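Peer 1: need a structure here:
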Amino acid sequence: MEVGWAAERFVRRRNARPCANVLSLHHRFQRAREPTQTEKLLLPLMVFALLSSASCGSSEDGANGSGANGGGANGSGANGGAASLEQYTPNQAKWDTFASKPLEAGNMAHDPDSVSWIKPADWEAAKWDGTTYNPSKMSPQDFAAALCPSVDRVRGIREVFYATKPFADNANPTKAEVDEWHRIAINHVRALIGYTAPERQVEKDHCMFARALWGDERKFSTFWDIKYPGTTGSAAGPCQGSLNAHCGATFLPSPEDQAPYLPEGHPACTAEAGSEGIFSGPKSNIPWSIKWSRGFCNTLMAEGYWGGHVGPWFHRQKFGFSFWDADPANNNNNAVLRAKWTGKLSANLYCNPADAGCTP
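Peer 2: All right, here's what the predicted structure looks like:
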C-alpha cells in the first residue's frame, strides 16, 4: 500500500572512533593470513556496518547531537556496542515482552546460535558462498528458496551476525543495537542480489521509526483517540474494531505531541512519499536476531521478488520498523511488524520475465 508522505532530509549521526576498527580489521587480514572465502564475502558488510555511524575525519553531528539527549526519546544505548549507536525506536515502544518471551520459550539469548529450534546443520545449509541471485533467471520458488532456506533462516545471516557482533550482550540487546542490526540485515538481503553499492544501502530514519510506532499505537490502542477523532477504519484512524490492516498508516500527531518520540531538536515529521508493509509473520517469542526474517521471507515466498510488499526491502533508501505485542500474556502470539519506507526509490536492476522484452 502506497501512502503519500513529504520529503525530509536525512541526517546521519557520525562517530569517528569506529574508523580505527575498520583499518584494524583490514590490516589484521593482511598481516596474519589470507582471509577465508567467508571473510572475503563478509568484509564489505563488516566495514559498512562500522562506517554507518563513523566519519574518518572531522565529526558531523546529526539531529541528535552526541546521541544522548539527556533522557529524551532517543538517547544512545548504555552498554557495549550501543554506546556509539543512535537509537531510532522511540523509548515509548513497549519491548519488555520481546526481551523476556524468547528466554521463557527456551532460547538462551537473542543470537542465532541460541535459537532453540534451528540446529547447527540447518545453519550450515544456509551459508552463503557469495553467489549473486538473479530473480530474472530463476523461478519465484527457486529464488525465494535461495534467499530464505526457511522463514527463520535468511541465507548467510548467521555469519553476518557473528561478523558484525551487533549486540554487546546477546541476552539483552538494546533498542539502538536492534535498530542497527535491522539495517545491517536489510543490506545483507540486498547484497544477496548484488546490491552492494553505497547508494543501494538502506538508512535508518527517525520519522519512519516514529511513524511506524504511531501507526501501531493508533491501530492497537485508544491512546490517541480522544484527542484525534476521525473516521474509524480509515488510514488515519481511529482503528478499534476495524479490519483494515493498514489503519493508522497516515496518522500524524501534532508537532507538540511528536516531540517526546523524537530526538531533541528534530523537525516534526510530515507526510512523505513512500510505502508501508504490515507483516504478521514474526512472533513475540522469536529472538531479535531473526524476528524480522519471517516478515521478509513469508512475503517473498508468497509474492515473489516482484511483489509490491517485497520491493521496498530492496529498493527504498530509508526505513523504520515497529514491532507490536498485542497479547503480552501469550508466549506464542504473533508480533506484527509495521515497516515504513521512504526516500529515494532506486531503479530495479532486474527485469520481470513476465514483461514483454525482458531478456535476462
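Peer 1: Work out for me the element the residue nearest the centre of the chain sits within.
Peer 2: Note on the chain: the residue nearest the mean C-alpha position is residue 182, at 3.2 Å, using CA atoms, centre = their mean. Here residue 182, judged by DSSP states H and E, is contained in helix 175-191.
Peer 1: tell me what the helix or strand that that helix is followed by is packed against?
Peer 2: Downstream of helix 175-191, the next assigned helix or strand under DSSP H and E is strand 203-204. On a contact count with 3 or more CB pairs under 8 Å, 6 or more residues apart in numbering; DSSP states H and E, strand 203-204 meets helix 175-191, strand 316-325. Every residue, glycine included, has its C-beta placed from N, CA and C.
Peer 1: Output the ones you listed as TSV; include the columns distance to residue 305 and mean pLDDT.
Peer 2: Formatted as TSV, the helices and strands packed on strand 203-204 follow (distance: least, CB to CB, whole Å; pLDDT from 0 to 100):
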stretch	distance to residue 305	mean pLDDT
helix 175-191	11	98
strand 316-325	15	98
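Peer 1: mind putting the ones you listed in JSON lines, distance to residue 302 included?
Peer 2: JSON lines is the format used below for these (distance: least, CB to CB, whole Å):
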{"stretch": "helix 175-191", "distance to residue 302": "16"}
{"stretch": "strand 316-325", "distance to residue 302": "19"}
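Peer 1: right, and these - which one's nearest residue 125?
Peer 2: Closest approach to residue 125 among those (CB to CB): helix 175-191, 17.3 Å.
Peer 1: Let's see that closest one as CSV, backbone CA atoms only.
Peer 2: Coordinates of each C-alpha in helix 175-191 appear next as CSV, following Å, rounded to 0.1, in the frame of the first residue of the first chain:
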residue,chain,number,x,y,z
LYS,A,175,16.9,-0.8,21.1
ALA,A,176,19.8,1.1,19.4
GLU,A,177,21.5,-2.3,18.8
VAL,A,178,18.4,-3.9,17.4
ASP,A,179,17.8,-0.9,15.1
GLU,A,180,21.3,-1.1,13.8
TRP,A,181,21.0,-4.9,13.3
HIS,A,182,17.9,-4.4,11.2
ARG,A,183,19.8,-2.0,9.0
ILE,A,184,22.7,-4.5,8.6
ALA,A,185,20.3,-7.3,7.9
ILE,A,186,18.4,-5.5,5.2
ASN,A,187,21.6,-4.5,3.5
HIS,A,188,22.7,-8.2,3.6
VAL,A,189,19.4,-9.1,1.8
ARG,A,190,20.3,-6.6,-0.8
ALA,A,191,23.8,-8.0,-1.1
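Peer 1: From the contact counts, what lies against it?
Peer 2: Contacts defined by 3+ CB pairs under 8 Å, 6+ apart place helix 175-191 against helix 37-51, helix 157-164, strand 203-204, helix 288-291, helix 311-315, strand 316-325.
Peer 1: Helices of the stretch 201-350 of the chain, start to end?
Peer 2: Here the stretch 201-350 of the chain has its helices, by DSSP state H, counting those that start in this stretch, at 206-220, 255-258, 288-291, 293-303, 311-315.
Peer 1: Kindly compare burial across these and name the winner.
Peer 2: Counting by mean count of other CB atoms under 10 Å, helix 206-220 has the highest mean neighbour count of these, with a mean of 27.
Peer 1: what angle do that helix and strand 316-325 make?
Peer 2: 30 degrees (axes from the mean of the first three to the mean of the last three CA atoms, to 10 degrees).
Peer 1: Just the CA atoms of helix 206-220, as PDB, please.
Peer 2: Taking C-alpha atoms only, helix 206-220 is exported to PDB below (Å, rounded to 0.1, in the frame of the first residue of the first chain):
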ATOM      1  CA  HIS A 206      13.800   8.800  12.800                       C
ATOM      2  CA  CYS A 207      10.500   9.800  11.300                       C
ATOM      3  CA  MET A 208       9.900   6.400   9.800                       C
ATOM      4  CA  PHE A 209      10.500   4.600  13.100                       C
ATOM      5  CA  ALA A 210       8.300   7.100  14.900                       C
ATOM      6  CA  ARG A 211       5.600   7.000  12.300                       C
ATOM      7  CA  ALA A 212       5.600   3.200  12.400                       C
ATOM      8  CA  LEU A 213       5.100   3.300  16.200                       C
ATOM      9  CA  TRP A 214       2.400   6.000  15.900                       C
ATOM     10  CA  GLY A 215       0.600   3.800  13.400                       C
ATOM     11  CA  ASP A 216       0.700   0.800  15.800                       C
ATOM     12  CA  GLU A 217      -0.500   2.900  18.700                       C
ATOM     13  CA  ARG A 218      -3.400   4.100  16.600                       C
ATOM     14  CA  LYS A 219      -4.200   0.600  15.300                       C
ATOM     15  CA  PHE A 220      -3.900  -1.400  18.500                       C
END
